[in-house]
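Asks: Here's a sequence, model it:
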Amino acid sequence: MEFPWESETGCCPRFDPGPWQEKEVVWKDKLFIKDRVRTFFYMPLGFGKVMVRNLAKIDKAGAFTDEPLGLSDHTSKWNMDLYIAVSKEVPDAENVRLSGTYLCKVFEGPYKDTGKWCKEMQQWVESAGKTIKKWFMFYTTCPRCAKAYGKNYTVILAQV
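Replies: Residues are numbered from 1 along each chain as shown. This next block holds a predicted model:
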């Protein structure tokens, strides 16, 4: 599988937090494919397998975006919806479009800090006079690439 982005690891590109740090993003019908990942107390089970399956569909359709974007919506302790941005509709996948205004903030560190990050995000959004309608997590690299790069960035997107 050939990715359209530059990567020192041959997998995830190095993440630049600048465009995401404390930014507002507005999407109108941004196209994604959606899949589901089982979780155990919010910890993904088989996430890599779901990603590989979907990346193969995206590759076959020629639908990669210039920069990878995968959003996770933790719907419960047991399930997570995964949204992967695509450049066009992908056959044999659930194609969905997201619209709205999102406040974004970048965090760095181990995933165990997610609860702390969410509290900080909630305070930041409320300080802007907004209310969170929906949360998404953008895990910017896989664990192997995060280790190679020495940084484990996560972007929280709050739809307001």
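Asks: Give me the buried positions along the helix or strand of the chain with the lowest mean pLDDT.
Replies: Across the helices and strands of the chain, mean confidence by mean pLDDT, DSSP states H and E is lowest for strand 43-45: a mean of 89. Judged by neighbour count (16 or more other CB atoms under 10 Å), strand 43-45 contains these buried residues: Pro44. Backbone N, C-alpha and C define where each C-beta goes, glycine included.
Asks: so where's the longest strand in this structure?
Replies: Ranked by number of residues, the top strand in the chain under DSSP state E is strand 23-40.
Asks: That one pairs with which strands, parallel or anti?
Replies: Using DSSP bridges, strand 23-40 pairs in its sheet with strand 43-45 (antiparallel), strand 79-85 (antiparallel), strand 94-108 (antiparallel).
Asks: In it, which of the residues would be classed as buried?
Replies: Quick answer for strand 23-40 (16+ other CB under 10 Å): Trp27, Lys30, Leu31, Phe32, Ile33, Lys34, Asp35, Val37, Thr39.
Asks: which residues sit against it?
Replies: 44-47, 50, 53-54, 57-58, 71-72, 74, 76-90, 93-104, 157 (CB atoms under 8 Å, 6 or more residues apart in numbering).
Asks: how about 6 Å then?
Replies: 44-45, 47, 50, 54, 78, 80-86, 90, 93-99, 101-104 (CB atoms under 6 Å, 6 or more residues apart in numbering).
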